[in-house]
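> Turn this into a structure:
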Amino acid sequence: MHVQEWLDSVPAVAVYAVVALVIGLESLGIPLPGEIILVSAALLSSQHSDVNPVVLGACATAGAVIGDSIGYAIGRKGGRPLLAWLGKKFPRHFSAGHVATAERSFEKWGMWAVFFGRFVALLRIFAGPLAGVLHMPYWKFLIANVLGGICWAGGTTAVIYYVGIVAEDWLKRFSYVGLGVAVLIGLASMLILRRKAKKAQADQREAEPVGAGE
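Numbers count the residues shown, from 1 in each chain. Below is the predicted model:
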């Protein structure tokens, strides 16, 4: 079932829980479609009053921050062997090339890599565990983690929510106009086809006597 249809079929509390859980697991280091779930839930909140966008954004932020913190603790304890194990289990996401790219980003940008990594799918999975493996001071990681989680989760929820409202209002406002335009296009197409058909018949009739005389 499509994500949007599935979210539409469950209670609001379950939507909050699913969003927080999926984003938390993704932030912990498990490749899951956290961003797709968040966007779908935010769009759902713009169409149904049961899902509160403020609560949704708060749950998404909490999942992101908690998941990243757990990932940091696991990475700090597991070290390099953990990355090697993840590379075997999830070669598509934790390949040696991906790990090297993420590590270079951390070495160059430090805590900013944690902050901006929240907006990049690959770094979003790596941020917590890799920061722990590289022994980034936890207070730096926590600041970047919280700010990144708020900006990403809260910002995404707000933008998609208002886009959904505007799109719904626009569709309601212009639904009859769209229907009228569609009808006019259909009528025009029909008239053009009938005119071309009549012209083709007339040309055929004019050509027939010429053939008989020859």
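
> Could I get the buried residue list for whichever strand or helix holds residue 39?
Using DSSP states H and E, residue 39 maps to helix 34-47. Using 16 or more other CB atoms under 10 Å as the test for burial, helix 34-47 gives 34, 35, 37, 38, 39, 40, 41, 42, 43, 44, 45, 46. (C-beta placed from N, C-alpha, C; glycine too.)

> any idea how far the residue lying closest to the second one once chain neighbours are set aside lies from residue 34?
When you say that, I think you mean residue 35. Closest residue in space to residue 35, ignoring its immediate chain neighbours: residue 121 at 6.7 Å, by CB to CB, 6 or more residues apart in numbering. Using CB to CB, to the nearest Å, we find residue 121 at a distance of 9 Å from residue 34.

> Equivalent analysis for residue 44, please.
16 Å.

> Tally up the residues packed near residue 152, please.
24 (other CB atoms under 10 Å).

> just the helices in the chain please.
Taking DSSP state H as the criterion, the chain contains helices spanning 3-8, 12-28, 34-47, 53-89, 96-109, 111-117, 121-133, 138-149, 155-173, 175-213.

> Taking their axis directions, the fifth one and helix 138-149 sit at what angle?
Helix 96-109 and helix 138-149 meet at an angle of 100 degrees, taking axes from the mean of the first three to the mean of the last three CA atoms, to 10 degrees as the criterion.

> which parts of helix 96-109 are buried?
Buried-residue list, helix 96-109, by 16+ other CB under 10 Å: 98, 99, 102, 103, 105, 106.

> Just name whatever secondary elements it is in contact with.
For helix 96-109, the packing partners by 3 or more CB pairs under 8 Å, 6 or more residues apart in numbering; DSSP states H and E come out as helix 53-89, helix 111-117, helix 121-133.

> Next up, phi/psi of residue 118, please.
phi -60, psi -30 (degrees, to the nearest 10).

> excluding its backbone neighbours, what's nearest it?
Counting by CB to CB, 6+ apart, the residue nearest residue 118 is residue 148, at 3.7 Å.

> Could you report the neighbour count for the one you found?
Using other CB under 10 Å, residue 148 has 26 other residues around it.

> Thanks a lot, see you next time.
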